[in-house]
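Enquirer: From the sequence below, what's the structure:
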Amino acid sequence: MSDSSTADDRVQCEVDPDRRIATLTLNNPRQRNSYDAAMRDVLARHLDRIAEDDDITVVLLRGAEGVFSTGADMNNAYGWYGEREGNHPAKSRPSQRRRLTVDRKTFGLYHNLLGFPKVTVGEIAGYALGGGFEMALMTDISVIARDTRIGMPATRFLGPALGSLHMFFHRLGPVLARRLLLTGDIIEAGAVEHLGVFTETCDSAAVSARARYWAEKASRMPADGVVIAKEAFRLVEQSQAYQGEEVASYLFHAFGTNLQFATGEFNFVKTRAEHGTKEAFRLRDEHFDVPEPDVR
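Expert: I've put the predicted structure just below:
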């Protein structure tokens, strides 16, 4: 059964009432399932409906065509904040009050996903970058392909105070969290398999079947018992690891993305305006490429 109650088909919802599983698919494959504010809002509405449906106990979150998500759509970074002139990004930066208002909404989605009252299972392949990486880490049970590219590359041009910092340090550990946030490195999931960051790391061909296996396994649990357990888990995490998370994430994101760039530092927004998005990404990677030392 499909839910077509929203006109934006970039997020698809399919419900299997017999197995008590709802599958949410990020369906923007031309842009590697990146999402804009409208797509984020559709995802939030689907989650709200699923949360209120007592007959569903598991949400399987995935991306279309073998890619999970490359996070927020950076084709118009300031467009997230509604600061536009015609079809072009506004020349002036959005105000801090506007940033806080918008970022609070984005991190509200992440906060709700962390505390979602149903079991969430992530089917993660291809790329899980930026907000896509955050959502992958927020799922209760995560199945990821070893060759999936993960990381927070936007820290290279927006600063390392991005994302759900409490969650990064809790789920990744302080050493890996600092490495990814302070360098913007993109790594393969297989490189951190030994750390147990994800529930299961497997070959890409097996990701879909393994994610479905975990979803069906969780769906057989007593639903009321699951929600009680999840609230207990949430209480423990909030008291031990996430104190202040709901406010700190969007606060630091809003302030931290209003940067001044010194001579020689890479300014993605300016570069994109001058050369276009595709070339800006190429120049970004070129700027941050530091060859490994030959110590042989």
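
Enquirer: Tell me who's in contact with residue 19.
Expert: Contact analysis of residue 19 by Cβ atoms under 8 Å, 6 or more residues apart in numbering lists 215, 216, 219. From N, CA and C alone the C-beta is placed, and that goes for glycine too.

Enquirer: how about 6 Å then?
Expert: 216, 219 (Cβ atoms under 6 Å, 6 or more residues apart in numbering).

Enquirer: Same check on residue 127?
Expert: 32, 67, 70, 149.

Enquirer: Quick one: the strands in the stretch 101-250 of the chain, in order.
Expert: In the stretch 101-250 of the chain, the strands defined using DSSP state E, counting those that start in this stretch lie at 119-124, 127-129, 141-145, 149-151, 186-188, 200-202.

Enquirer: Which of those strands sits closest to residue 194?
Expert: Residue 194 lies closest, by Cβ to Cβ, to one member of the strands of the stretch 101-250 of the chain: strand 200-202, at 9.3 Å.

Enquirer: Could you check how many residues crowd around residue 287?
Expert: Residue 287 has 15 neighbouring residues, counting by other Cβ atoms under 10 Å.

Enquirer: if I've got this straight, it is in a strand?
Expert: No - counting by DSSP: H, G, I helix; E, B strand; the rest coil, residue 287 is not part of a strand but helix.

Enquirer: nearest residue to it other than its sequence neighbours?
Expert: residue 266 (4.4 Å; Cβ to Cβ, 6 or more residues apart in numbering).

Enquirer: is it true that that neighbour touches residue 289?
Expert: No - the criterion here is Cβ atoms under 6 Å, and residue 266 misses it with residue 289 at 11.3 Å.

Enquirer: Comparing those two, which residue is more hemmed in?
Expert: residue 266 (15 against 7).

Enquirer: Tell me who's in contact with the more buried one.
Expert: 157, 284, 287.

Enquirer: what's residue 153 sitting at in phi/psi?
Expert: Dihedral angles of residue 153 (phi, psi; degrees, to the nearest 10) stand at phi -60, psi -20.

Enquirer: So it versus residue 161, what's the distance?
Expert: According to Cβ to Cβ, to the nearest Å, residue 153 stands 15 Å off from residue 161.

Enquirer: got it, and residue 82?
Expert: 22 Å.

Enquirer: between these two, who's got more neighbours?
Expert: Shown here are residue 82 and residue 161; by other Cβ under 10 Å, residue 161 has more neighbours (18 against 12).

Enquirer: Spell out the residue ranges of the helices in the stretch 51-200 of the chain.
Expert: With DSSP state H, counting those that start in this stretch as the definition, the stretch 51-200 of the chain shows helices at residue ranges 96-114, 131-138, 155-158, 165-172, 174-183.

Enquirer: Next, the angle from the first one to strand 119-124.
Expert: Okay, so that is helix 96-114. 110 degrees (axes from the mean of the first three to the mean of the last three Cα atoms, to 10 degrees).

Enquirer: Then the second one?
Expert: Angular relation of helix 131-138 and strand 119-124 on a 0 to 180 degree scale: 130 degrees, by the same axes, to 10 degrees.

Enquirer: repeat for the last one
Expert: Between the axes of helix 174-183 and strand 119-124, defined by the same axes, to 10 degrees, the angle is 50 degrees.

Enquirer: between helix 174-183 and helix 165-172, what angle do the directions make?
Expert: 130 degrees.
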